[in-house]
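In: attaching a predicted model along with its sequence, questions to come.
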Amino acid sequence: MHDRDTIAAIATAAGAGGVGIVRLSGPQAAAIARTLCGRLLRPRHAHHVRFADADGSTIDDGIALYFAAPASYTGEDVVELQAHGSPAVLQWLLARCVALGARHARPGEFSERAFLEGRLDLAQAEAVADLIAASDLRAARAARRALDGEFSTRVDALADALLNVRIHVEATIDFSDEPIDTLGGAQLRAGLDALAGDLHALQGAAERGRRLRDGLHAVIVGPPNAGKSSLLNALAGSDRAIVTDVAGTTRDLLHETVRIGGVELKLVDTAGLREGGDAIEREGMRRARAELERADLAIVVLDARAPAAGKAAVDAAVACVPQRLWVHNKADLLGAAPTGAEPDTVFVSALTGNGLQTLHARFTALAGAADADEGAFTARARHVDALRRAAEALADARAQLDHELLDLCAESLRQAHEALGEITGRVRADDLLGYIFSSFCIGK
Ligand SMILES: Nc1nc2c(ncn2[C@@H]2O[C@H](COP(=O)(O)OP(=O)(O)OP(=O)(O)O)[C@@H](O)[C@H]2O)c(=O)[nH]1
Ligand SMILES: [K+]
Ligand SMILES: [Mg+2]
């Protein structure tokens, strides 16, 4: 499966710190540490030692910890060398480990080994990277829950239930002439329906988890001059986009990431949508529409004084976006109370900042971050995609069962099972592994 090299890396963040750690994993870890520290290390015991170079000179003094296989992070022999957190010292220590037979670890290789040794499943290993990268407490909590297996447990439960249905369908096919005890059609249908319901719930939770991790891709659209760029600037708190009273000011897409109420919003300002326009403006509108196809959320900005103006073109463009938020801007110019707005419309003034708090609350709710403290876990686009494929295959299986196409039904169930297995890596493709672990940092 994997080579049995001993790997080494600096496990602490780059830069100077009080303490820095070099970590070793693999069959030679204990022997390398013995030479380096001048003594045999007892497992799970803190030793204060001098780390010695080849000529006997002292690299540094510090703490050495030995975790004997299999009770370690990777499941292999692991040694952690804690020295002063000087980049020069840590590089020296690492070079000495390499001279003694270790090789430099690739990014994520410690977690990859933990996965290969069965210490973590794939979704948990990914949660390690998400926990390290978490930029706020909510995301960290959610990653921690995924690492504790809250997501994996639900995937495994579904996979087990699915396996049970598969067994009955396959047995019905293989032993149709023999009087064995298989579930009848009605029970199978009920089983599949229950599975589909659970899968649907998990899809919702995973999608919220993905947004917690990746943020919300929110595209600001609307007719020209509605104040889209002004709103982007107000949300970003800086003069990021050019604002003028000329309709058609914005042409290119403009990206700006902001954090609002624990949610990362990847905002994109776009060219105003309207009929006509010159070649540059038309290209801008084409880009706006293309961006909408990838969006999680369309923030539709309309002029509060004439919200119907140009709305039809915008409505058509945002139809493909899963979530839409209507914002009536320039509310400061409204004389009377507004009428005829879409339900849930937020009235704001990008100019005065009025209504922005309401908008912030709406973003938080849309991102599902409000529930983040109640059992939410982080998930990735890869997981959401696998769940979607599992749901599609399950729906196929259900239809095939109705038509008594048992062979096809069995094949669809197998596909659904495989898609679920991809999430935890219990059914895995090796290229998938390389892809996932390459996004890790070195030393994890
Ligand atoms: N009174 C008032 N004026 C605003 C408000 N928001 C924007 N404006 C003005 O409206 C005009 C257009 O604003 P922009 O932000 O450029 O509008 P846009 O939708 O990005 O326009 P295009 O990029 O041309 O499609 C500018 O003169 C802004 O100063 C607001 O809330 N109140
Ligand atoms: K403008
Ligand atoms: Mg603009």
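Out: Good, I have the coordinates. Ligands and ions are numbered 1, 2, ... in the order given.
In: confirm R259 sits in a strand?
Out: Yes - looking at R259 with DSSP: H, G, I helix; E, B strand; the rest coil, it is inside a strand.
In: who's in contact with it?
Out: Taking CB atoms under 8 Å, 6 or more residues apart in numbering as the definition of contact, the neighbours of R259 are 135-136, 265. C-betas here are computed from N, CA, C, even on glycine.
In: neighbour-wise, which one of the residues you listed leads?
Out: Each of the contacts of R259 was scored for neighbours by other CB atoms under 10 Å, and L265 scores highest at 24 neighbours.
In: against ligand 1, how distant is the residue in the stretch 51-200 of the chain positioned nearest to ligand 2?
Out: Proximity to ligand 2, evaluated over the stretch 51-200 of the chain using CB to the ion, is greatest for S135 at 32.7 Å. When distances are taken as CB to the nearest ligand atom, to the nearest Å, S135 and ligand 1 turn out to be 29 Å apart.
In: and whichever residue of the stretch 301-444 of the chain sits closest to ligand 3, how many neighbours does it have?
Out: Distance from ligand 3 to each residue of the stretch 301-444 of the chain (CB to the ion) is smallest for V301, at 9.4 Å. Around V301 sit 30 other residues, with neighbours defined as other CB under 10 Å.
In: name the nearest residue to it, sequence neighbours excluded.
Out: Once flanking residues are discounted, V301 sits nearest to G222: 3.7 Å by CB to CB, 6 or more residues apart in numbering.
In: quick one: residues contacting L334.
Out: For L334, the residues meeting the contact criterion (CB under 8 Å, 6+ apart) are 304-305, 347.
In: dump these to a markdown table, plus neighbour count, secondary structure and pLDDT.
Out: Output for these, formatted as a markdown table (neighbours: other CB atoms under 10 Å; DSSP: H, G, I helix; E, B strand; the rest coil; pLDDT from 0 to 100):
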| residue | neighbour count | secondary structure | pLDDT |
| --- | --- | --- | --- |
| A304 | 23 | coil | 95 |
| R305 | 14 | coil | 94 |
| F347 | 20 | strand | 95 |
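In: which among the residues you listed gets closest to D55?
Out: Within the contacts of L334, distances to D55 taken as CB to CB reach their minimum at F347, with 74.6 Å.
In: how about that closest one: what's its closest non-neighbour residue?
Out: Nearest in space to F347, with sequence neighbours left out and distances taken as CB to CB, 6+ apart, is A331 at 4.2 Å.
In: and G209, by the same measure?
Out: Nearest residue to G209 in three dimensions, chain neighbours excluded: A379, at 3.4 Å (CB to CB, 6+ apart).
In: can you check L212 too?
Out: Counting by CB to CB, 6+ apart, L212 lies nearest to A142, which is 5.1 Å off, once chain neighbours are set aside.
In: pull the residues that contact the strand or helix carrying the one you found.
Out: Counting by DSSP states H and E, the secondary-structure element that holds A142 is helix 137-147. Residues external to helix 137-147 that are found in contact with it (CB under 8 Å, 6+ apart): 120, 123-124, 126-128, 130-131, 134, 151-152, 209, 212-213, 262, 369, 372-373, 375-379.
In: stretch 263-279 - what's its average pLDDT?
Out: Mean pLDDT, stretch 263-279: 92.
In: from the contacts of helix 137-147, list the buried ones, please.
Out: 120, 123-124, 126-128, 130-131, 134, 151-152, 209, 212-213, 262, 369, 372, 376-379 (16 or more other CB atoms under 10 Å).
In: which residues touch the closest residue to T6 other than its chain neighbours?
Out: Setting aside the residues directly before and after it, T6 is nearest to G26 in space (CB to CB, 6+ apart), at 3.0 Å. Taking CB under 8 Å, 6+ apart, we find G26 in contact with 4-7, 76-77, 102.
In: try it again at 7 Å.
Out: Taking CB atoms under 7 Å, 6 or more residues apart in numbering, we find G26 in contact with 4-7, 76-77.
In: for burial, what's the neighbour tally of the residue of the stretch 101-250 of the chain found nearest ligand 2?
Out: The stretch 101-250 of the chain approaches ligand 2 most closely through T249 (3.6 Å), counting by CB to the ion. When neighbours are defined as other CB under 10 Å, T249 has 17 of them.
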